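Peer 1: Here is my input, please return the structure:
(chains A and B)
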2 protein chains.
Amino acid sequence: MNAEIIATGTELLLGNIVNTNSQYIAQELSLLGLGVYRITEVGDNPKRLKQALKESLSRSDIVFTTGGLGPTKDDLSKEIAVDVMQMESVLHEPTHTRLRMQFNGEEDRVQNNIKQAYFPPEAIVLNNEKGTAPGCILPSADKMIVLLPGPPHEMRAVFAQFVNWWEKNRADSTIRSRVLRLAGIGESDAAARLGDLLDRENPSLAPLAKPYEVTLRITGRGKTPEEVDTAIAALQQEVRAILSDYVYGADEDTLEGTIVDSLIEKDYTIATAESLTGGLLAATLVNVPGVSDALLAGFVTYSEEEKIRRLHVSRETIAQHTAVSPQVCEEMLDGLREISGADVCVVTTGYAGPEGNDVGLVYIGVMIGNEKAVIRHNFHGDRQQIRNRTTRNALAELWRRLR
Amino acid sequence: MNAEIIATGTELLLGNIVNTNSQYIAQELSLLGLGVYRITEVGDNPKRLKQALKESLSRSDIVFTTGGLGPTKDDLSKEIAVDVMQMESVLHEPTHTRLRMQFNGEEDRVQNNIKQAYFPPEAIVLNNEKGTAPGCILPSADKMIVLLPGPPHEMRAVFAQFVNWWEKNRADSTIRSRVLRLAGIGESDAAARLGDLLDRENPSLAPLAKPYEVTLRITGRGKTPEEVDTAIAALQQEVRAILSDYVYGADEDTLEGTIVDSLIEKDYTIATAESLTGGLLAATLVNVPGVSDALLAGFVTYSEEEKIRRLHVSRETIAQHTAVSPQVCEEMLDGLREISGADVCVVTTGYAGPEGNDVGLVYIGVMIGNEKAVIRHNFHGDRQQIRNRTTRNALAELWRRLR
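Peer 2: Numbers count the residues shown, from 1 in each chain, chains lettered A, B, ... in the order given. Just a heads-up that it's a prediction; the model follows:
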């Protein structure tokens, strides 16, 4: 089965917004086993939308549209789709009732939005918990149009209703997925270690690269949720056995959240001293609401003088080895322990560029109790990428040692 | 004149990446006065790309494609476009020479990429300074295909070559633009103050909202660059007169860069002490390569204990007023000055949530010499948004006082 997506909105053609809706839908459809054949973006122009809809229906089985479901006369996606499907709309009482409730019975406002309560009798209405524009499925003998609203959070809420309907009525199987989150390893290295596992078909395993993070998506299909979950759990076990040093969590977990949980569980306090990252490491830990139970102190020691003054790094060590050296990194750890008294200390020093020699040379220091580690990296990229990679890798090194 | 954009790549249809290239091109074309009629995304499939190209050419005057210009046999955009235009490719010597230089004369690698040096004699080749895939313009009597590479930084470099060509050869007028960057004011407030200026037609003035930043784009058209520049400069003067407290720079300027320049010019040193921002403020200053001449020290004092221990905030003040109070903010400034000796001190304290009362209540402290200011804010948004807004506003307050 093939699908297409048509995103409507003049702001797309002006480049004012980026088409994240289509990306989201494409990603979710691939999970449902529906191949996307084409994505089209058209303006708020009835004639062109109609033309695009007809073309898409001639090529594909299901056409998703986003946008144009608002209450004004310029919002025409539903009207055009109903026309293309040769259907006719009538007032849909359950939606009318919902509108009344959403507007606390203010009849003026209900009337302003009344257009949103009209659907053909053939339509399957998809409620919108996040706004007033419901979506719908318009089915014919062999084709289907699915109308979704434009604002991304509304689109996602309505799309979830479509998925529910699809799984109950059309899917010949249940599909479930799980994302494993990795730290401290690159995508190609992870793929090499996984080898044949990446060729499995059900459940399948695929890397999904995100900025500064590698994730693996396990997707399984089968007759019942239990059967699929069992198969996913088994593959997950295999992956974790191979990549146990790198899988820090699953689904909505974050690396910093996992670290803070681990610190709190062990009753450890943490302190940071940052040169090139300049506060990014501490700021990432502070993403976690509960961090106050663990984060003792953070220092930005960007200059050599501040490393000497605040962290008691010796002037001689810097003169002999430069500020970007394993020796200075180790002295930063010692100094940070001394002034903070934290159980866990993490420090960074390196050259972020853009100018100078050795751009990308970075030392990360991690100290837990009396165990010290100094890790050398050579990162590529621009100043911001080198600083972000340093932050991410420092967290990965810390996580690995906290397990 | 109408344009269309076709983005190629199976990863787009799988939703693995978002189509930022099309947004960029659409935005730039609107600046050139070219209306975008439709945007299409197709997979790496020769038949479907050919079909999409033919459809687009039947509707529009210029069709831009992105992707498929790599050296492998799967990279087929150029071959298909040349076929659609009924042209024939031959070895393009200048590009061949460039390839040789890019690969330091390693003939094996040149041969691996030799496909990228083939173009029809009719083509206008657009050099790629960022990679090995040049773009090109394929012109016919009344239509035009413009082939651009897929990686965004390469696409932008090659698109810039297209713009140069367009302005020299096809534009019936010169179009130039300038972006003014604002800090410390919201978009609607800025728009209200500008009033009628936003209705001007040539040059035109339009707000462009970016995350945590408001910008204004001035766009002018005319016969000569000099004429347009004069008109843009005049409108810019009018805008600056109205928003002098908020316009910190233009085009590629950044707020942190402007601040660091100003600090260095005045021979000021700076220190930060951050509670809810947790290092974001210092890290933003460290975005600027030259910051080492100004940044003396940064402290993350997230807990009450660390505010007391490090910054010498009095325990009584916290007990009486809470840690999120103007009193504590002022004592943080005093303590930071004392321990850092910096000429300029900036501190933050506030509730980032998600739980608790008064989420979004923030105090920002700025001290220059002996001038102290404590500014109260009530930010909306989630934890990360509140922390980002605090950072941005602290920089805005600092910039305004440094002028």
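
Peer 1: Can I take it that residue A:70 is in a strand?
Peer 2: No. Assigned with DSSP: H, G, I helix; E, B strand; the rest coil, residue A:70 falls outside any strand and is coil.

Peer 1: Count the residues that sit near it.
Peer 2: By the criterion of other Cβ atoms under 10 Å in any protein chain shown, residue A:70 has 20 neighbours. The C-beta positions use only the backbone N, C-alpha and C, and glycine is treated the same way.

Peer 1: Name the nearest residue to it, sequence neighbours excluded.
Peer 2: Take residue A:70 and drop its neighbours on the chain: the residue closest to it by Cβ to Cβ, 6 or more residues apart in numbering or on different chains is residue A:133, 6.0 Å away.

Peer 1: and if you look at residue A:153?
Peer 2: Distance criterion Cβ to Cβ, 6+ apart; nearest residue to residue A:153, sequence neighbours excluded, is residue A:130 at 5.2 Å.

Peer 1: Next, count neighbours for the one you found.
Peer 2: Counted with other Cβ under 10 Å, residues neighbouring residue A:130 total 15.

Peer 1: Would it be right to say that it lies in a helix?
Peer 2: No. With three-state DSSP as the criterion, residue A:130 is located in coil rather than a helix.

Peer 1: for it, what are its contacts?
Peer 2: A:151, A:153-154, A:157 (Cβ atoms under 8 Å, 6 or more residues apart in numbering or on different chains).

Peer 1: I'd like the distance between it and chain B.
Peer 2: Separation of residue A:130 from chain B (Cβ to the nearest Cβ, to the nearest Å): 16 Å.

Peer 1: tell me the phi and psi of that residue?
Peer 2: When quoted as degrees, to the nearest 10, the phi and psi of residue A:130 stand at phi -110, psi 0.

Peer 1: What residues does the stretch 151-300 of chain A have near chain B?
Peer 2: Taking Cβ under 8 Å from any Cβ of the partner chain as the contact definition, the stretch 151-300 of chain A meets chain B at A:208, A:272, A:274, A:276-283, A:285-287, A:289, A:291-292, A:295-300.

Peer 1: which SS state does the residue in the stretch 101-250 of chain A that chain B sits nearest to fall under?
Peer 2: Closest residue of the stretch 101-250 of chain A to chain B, Cβ to the nearest Cβ: residue A:208 (7.1 Å). Residue A:208 falls in the strand class when you classify it by three-state DSSP.

Peer 1: In chain A, spot the helix with the most residues.
Peer 2: Counting by DSSP state H, the longest helix found in chain A is helix A:383-402.

Peer 1: wait, does it contact chain B?
Peer 2: Yes. For helix A:383-402, a contact with chain B is found by Cβ under 8 Å from any Cβ, at A:383-384, A:387.

Peer 1: Can you tell me which helices and strands that helix packs against?
Peer 2: Judged by 3 or more Cβ pairs under 8 Å, 6 or more residues apart in numbering or on different chains; DSSP states H and E, helix A:383-402 is in contact with helix A:255-266, helix A:280-285, strand A:344-350, strand A:361-368, strand A:371-378.

Peer 1: any weak-confidence spans in the stretch 301-403 of chain A?
Peer 2: Counting by pLDDT under 70, the stretch 301-403 of chain A contains no low-confidence range.

Peer 1: For it, what lies in contact range of chain B?
Peer 2: So far as Cβ under 8 Å from any Cβ goes, the stretch 301-403 of chain A lies against chain B at A:301-303, A:305-306, A:310, A:352-355, A:383-384, A:387.

Peer 1: try 7 Å
Peer 2: Within the stretch 301-403 of chain A, the residues that sit near chain B (Cβ under 7 Å from any Cβ of the partner chain) are A:302-303, A:306, A:310, A:354-355, A:383-384.

Peer 1: And for the stretch 1-150 of chain A?
Peer 2: A:12-15, A:18-20, A:23-24, A:26-27, A:30, A:36, A:38-42.

Peer 1: Please indicate which of these are buried?
Peer 2: Buried positions within the residues of the stretch 1-150 of chain A next to chain B, assessed by neighbour count (16 or more other Cβ atoms under 10 Å in any protein chain shown), are A:12-15, A:18-20, A:23-24, A:26-27, A:30, A:36, A:38-42.

Peer 1: just the CA coordinates of stretch A:367-381, formatted as PDB?
Peer 2: Taking C-alpha atoms only, stretch A:367-381 is exported to PDB below (Å, rounded to 0.1, in the frame of the first residue of the first chain):
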ATOM      1  CA  MET A 367      36.700  11.500  39.000                       C
ATOM      2  CA  ILE A 368      34.400   9.300  41.100                       C
ATOM      3  CA  GLY A 369      35.600   8.800  44.700                       C
ATOM      4  CA  ASN A 370      39.400   8.500  44.200                       C
ATOM      5  CA  GLU A 371      39.200   6.900  40.700                       C
ATOM      6  CA  LYS A 372      40.500   9.400  38.200                       C
ATOM      7  CA  ALA A 373      40.200   9.100  34.400                       C
ATOM      8  CA  VAL A 374      41.500  11.500  31.700                       C
ATOM      9  CA  ILE A 375      40.200  10.800  28.200                       C
ATOM     10  CA  ARG A 376      41.700  12.300  25.100                       C
ATOM     11  CA  HIS A 377      39.500  13.100  22.000                       C
ATOM     12  CA  ASN A 378      40.100  14.600  18.600                       C
ATOM     13  CA  PHE A 379      36.700  16.100  17.600                       C
ATOM     14  CA  HIS A 380      36.000  17.400  14.100                       C
ATOM     15  CA  GLY A 381      33.500  20.200  13.300                       C
END
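
Peer 1: Quick check: residue A:281 touching residue A:394?
Peer 2: Yes. Residue A:281 is within contact range of residue A:394, at 5.6 Å (criterion: Cβ atoms under 7 Å).

Peer 1: Those two: who's more crowded?
Peer 2: residue A:281 (30 against 25).

Peer 1: need the contact list for the more buried one.
Peer 2: A:272, A:274, A:346, A:348, A:391, A:394 (Cβ atoms under 7 Å, 6 or more residues apart in numbering or on different chains).

Peer 1: If any of those are buried, give me the PyMOL selection for them.
Peer 2: Filtering the contacts of residue A:281 down to the buried ones (16+ other Cβ under 10 Å) takes a single PyMOL command:
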select buried, chain A and resi 272+274+346+348+391+394
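
Peer 1: Tell me if I am right that residue A:158 is in a helix.
Peer 2: Yes. Assessed by three-state DSSP, residue A:158 belongs to a helix.

Peer 1: most centrally placed residue in chain A?
Peer 2: residue A:210 (7.6 Å; Cα atoms, centre = their mean).

Peer 1: Quick check: the residue found closest to residue A:317 once you drop the neighbours it is linked to in the chain vs chain B, distance?
Peer 2: Nearest non-adjacent residue to residue A:317, counting by Cβ to Cβ, 6+ apart: residue A:327, 5.1 Å away. Computed as Cβ to the nearest Cβ, the residue A:327 to chain B distance reads 20 Å.

Peer 1: would residue A:327 count as being in a helix?
Peer 2: Yes. Counting by three-state DSSP, residue A:327 is found in a helix.

Peer 1: Out of the helices and strands packed on helix A:383-402, which is closest to residue B:363?
Peer 2: helix A:280-285 (18.4 Å; Cβ to Cβ).

Peer 1: for the helix or strand that that closest one is followed by, packing partners?
Peer 2: Using DSSP states H and E, the helix or strand that follows helix A:280-285 in sequence is strand A:295-300. For strand A:295-300, the helices and strands in contact under the criterion 3 or more Cβ pairs under 7 Å, 6 or more residues apart in numbering or on different chains; DSSP states H and E are strand A:270-274, strand B:295-300, helix B:304-311.

Peer 1: circling back: which two from the residues of the stretch 301-403 of chain A next to chain B end up farthest apart in space?
Peer 2: Between all members of those, the longest pairwise span (Cβ to Cβ) is found for A:310 and A:354 and amounts to 26.4 Å.

Peer 1: the domain parsing of chain A - what is it?
Peer 2: Following automatic domain parsing, chain A resolves into domains at A:2-169, A:174-250, A:255-402.

Peer 1: Off-centre distance for the lowest-mean-pLDDT helix or strand in chain A?
Peer 2: Counting by mean pLDDT, DSSP states H and E, the weakest-scoring helix or strand in chain A turns out to be strand A:204-210, with a mean of 78. Offset of strand A:204-210 from its chain centre (Cα atoms, centre = their mean, to the nearest Å): 13 Å.
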